[in-house]
Each structure stands twice: as structure tokens, then as C-alpha cells.
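[1] Model the following, please.
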Amino acid sequence: MTGVAAAALSLDQFPSHQWATVLDVQRPESAEDRELALRLIEIGFVPGEAVRIVASGVPGREPLAVRLGHTTFALRRHEAALIRVVPGAEHHG
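    Predicted coordinates for the structure are as follows:
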């Protein structure tokens, strides 16, 4: 495992208001979750993209308001858990 991969967290575990870089989107076993992973990739959660959690709901920190480029998405924690990120981002909005 490389140093970058070792530092990776799922987006749902990443602290709010800190920039991260998308490492990848996990490829789940279930067909439903594979479709979800594909949708996440299609809307822009691709390697190298800057992302941060800008707000979270209460209680349970759901949904998460996630900033990706110039767009903010509401993601369920289950969805955010499929996105692996590393701390920091070179380019952000």
C-alpha cells in the first residue's frame, strides 16, 4: 500500500470544512451500490478532484453537503462512504 493510499479515508469519515482530493470511488459488490458508484463518478467524483464537506445535517450528520468544483451536492453517509479521499487539495474553488 502506498503512502497516499494508506492516508485515504472514506468521505463520510473526513472532517468538515477541510479540503480533500478524491482518490477513487469504491466498486461495491451489490448491483444497486455499483449503480450508485457509477452515478458518483458520472457527476464528477473522479480521481484528482478537490472536495470538502461544507455542512452536515442533524442528528446523525446526514445528509452531508459536499462541495465539488462549483457545485454542492447532498449525499447520504452511505453514498459518501463509497468515495475515498486523501487530505489536502492542490486546486479548489
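[2] which stretches of the chain form helices?
    3-6, 31-42, 77-80 (DSSP state H).
[3] how about low-confidence regions in the protein?
    1-5, 90-93 (pLDDT under 70).
[4] so which of the helices of the chain comes closest to V54?
    Among these, helix 77-80 comes nearest to V54, with 12.6 Å by C-beta to C-beta. (Glycine included, C-beta is placed from N, CA and C.)
[5] can you give me the offset of that closest one from its chain's centre?
    8 Å (C-alpha atoms, centre = their mean, to the nearest Å).
[6] List of residues touching it?
    Here helix 77-80 makes contact (C-beta atoms under 8 Å, 6 or more residues apart in numbering) with 10-12, 36, 40, 53, 60-64, 66.
[7] and of those, the nearest to P47?
    Out of the contacts of helix 77-80, the member with the shortest distance to P47 (by C-beta to C-beta) is L40, at 12.2 Å.
[8] wouldn't that closest one be in contact with A81 here?
    No - look at L40 against A81 with C-beta atoms under 8 Å: they stay out of range, at 10.8 Å.
[9] more neighbours, those two?
    Shown here are L40 and A81; by other C-beta atoms under 10 Å, L40 has more neighbours (22 against 16).
[10] tell me the contacts of the more buried one?
    25, 79, 82-83.
[11] thinking V51 is in contact with L9, fair?
    No - applying C-beta under 8 Å as the test, V51 and L9 come out as separate, 11.7 Å apart.
[12] Many thanks, we can stop here.
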